[in-house]
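Q: structure here, sequence nowhere to be found:
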Ligand SMILES: O=C(O)[C@H](O)COP(=O)(O)O
Ligand SMILES: [Mg+2]
């Protein structure tokens, strides 16, 4: 017989092996509990331990205990042996590293901050098909940021009105029409009608303007239904789907990725509900980790915030984007999407903060232009051109009237 107790899960001398998954947490131990005691409970509950000491037949046991191997103030590192995990199942990984421990009494709060993913786990996941290469493989954006827009109001527009907004935006210089996160298949704008009419409009615009355009249609639904919608996108000749990855769940995202792989469709990941996990700095799961998970599961784009220049709270956008662009055992990078309260007057600051390998998405910042969507789209494209040429927006606006009107309306203000 062998014993399993909390002490078995703490070893500050332990050096993680190359195959371990190492997770960093910020923890706030419960009153009267040392950080060491809380850390060992985190490692125990998230791997193979429980609250009681156990006695198990050694011959019947594979040793899969995690090790709390580093403590630095309230920041701890836990190393998980790869055998703990089922290959290619993000749901199972999260049931370990972000499961019961999120609610255990041994900690008043706990936040999963960062993961170092070993090849032994990454190899079980497909990663993205295209990532930033959508700019040239599916669109004609070249080296500039990819530009997207979401019609507003976010729901309620009829199919023809929604398509009309998209057409005006494409003609004004936007690459991608995007559905909003809560537009799926409602009576006022049914999925299949919207899909067919939008892609027909896309084809007309492409023909007229000589630039490839596409449509991020929101396929989010129950998984079987979602896969049928993915098939419909392929049948109608679309190049992308959009998925609300947090609300529909990672197992569903994995299914969508597989089906999109069959069709060569890129996946635009909207992160609605992420803030339920990442908004506070002491509890939950960081956006950094959510973005890592999204890359492993294989999305091509994901919203990562606006470096403080938009309407939503967000954590370290440049740091997350750098991770999405960096090496991860050969996975294709992900194109980060800056979205939420952006308008032409902040594009120069946005590109300064995040570089050009991004997608810039503006809804209100295009359709709220005093001269309408077409002018708003032109203004956004002009602000990108000015920023890439290193010309101050005000100077560029002297002979670009749409940009001038946008600057008059919004200046360089960040909305709230
Ligand atoms: O889905 C999104 O990204 C938001 O709806 C962005 O809209 P906004 O540009 O109007 O803030
Ligand atoms: Mg939205």
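A: It's in. Note that this is a predicted model, so its numbers are computed, not measured. Ligands and ions are numbered 1, 2, ... in the order given.

Q: can you give me the buried ones in the longest helix that the chain contains?
A: Scanning the chain for the longest helix, with DSSP state H as the assignment, gives helix 191-209. Neighbour counts over helix 191-209 (16 or more other Cβ atoms under 10 Å) mark 191, 194, 195, 196, 197, 198, 199, 201, 202, 205 as buried. Where you see a C-beta, it was placed from the backbone N, CA and C, and this is true even at glycine.

Q: residues in contact with the second one?
A: When you say that, I think you mean residue 194. Neighbouring residues of residue 194 by Cβ atoms under 8 Å, 6 or more residues apart in numbering: 159, 162, 163, 179, 217.

Q: what does the fifth one give?
A: By Cβ under 8 Å, 6+ apart, residue 197 lies in contact with 159, 160, 163.

Q: need the residues of the stretch 151-300 of the chain near ligand 2, please.
A: For the stretch 151-300 of the chain, the contact set with ligand 2 under Cβ under 5 Å from the ion comprises 180, 181.

Q: what ranges do the helices span in the stretch 151-300 of the chain?
A: Ranges of helices in the stretch 151-300 of the chain, per DSSP state H, counting those that start in this stretch, are 159-172, 191-209, 223-235, 245-248, 250-263, 275-278, 287-297.

Q: rebuild the ones you listed as TSV, extending it with mean pLDDT.
A: Listed next are the helices of the stretch 151-300 of the chain as TSV, based on pLDDT from 0 to 100:
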stretch	mean pLDDT
helix 159-172	98
helix 191-209	98
helix 223-235	98
helix 245-248	98
helix 250-263	98
helix 275-278	96
helix 287-297	98
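
Q: most packed of those?
A: helix 287-297 (a mean of 24; mean count of other Cβ atoms under 10 Å).

Q: what is that helix packed up against?
A: For helix 287-297, the packing partners by 3 or more Cβ pairs under 8 Å, 6 or more residues apart in numbering; DSSP states H and E come out as helix 90-97, strand 107-116, helix 245-248, helix 250-263, helix 275-278, strand 301-303, helix 317-325.

Q: in TSV: the ones you listed, plus distance to residue 31.
A: Converted to TSV, these look like this (distance: least, Cβ to Cβ, whole Å):
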stretch	distance to residue 31
helix 90-97	25
strand 107-116	8
helix 245-248	32
helix 250-263	34
helix 275-278	25
strand 301-303	38
helix 317-325	33
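
Q: now residue 291: closest residue in space, sequence neighbours ignored.
A: Closest residue to residue 291 apart from its sequence neighbours, by Cβ to Cβ, 6 or more residues apart in numbering: residue 320 at 5.0 Å.

Q: the one you found: neighbour count?
A: Neighbour count for residue 320, taken as other Cβ atoms under 10 Å: 23.

Q: what parts of the stretch 51-200 of the chain come near ligand 1?
A: 150, 152, 154, 180, 181 (Cβ under 6 Å from any ligand atom).

Q: ok, the second one touching residue 362?
A: No - counting by Cβ atoms under 8 Å, no contact exists between residue 152 and residue 362, whose distance comes to 10.2 Å.

Q: ok, those two, which is more surrounded?
A: The neighbour comparison of residue 152 against residue 362 (other Cβ under 10 Å) goes to residue 362, with 30 against 17.

Q: let me know the pLDDT of that one.
A: We have a pLDDT of 98 for residue 362.
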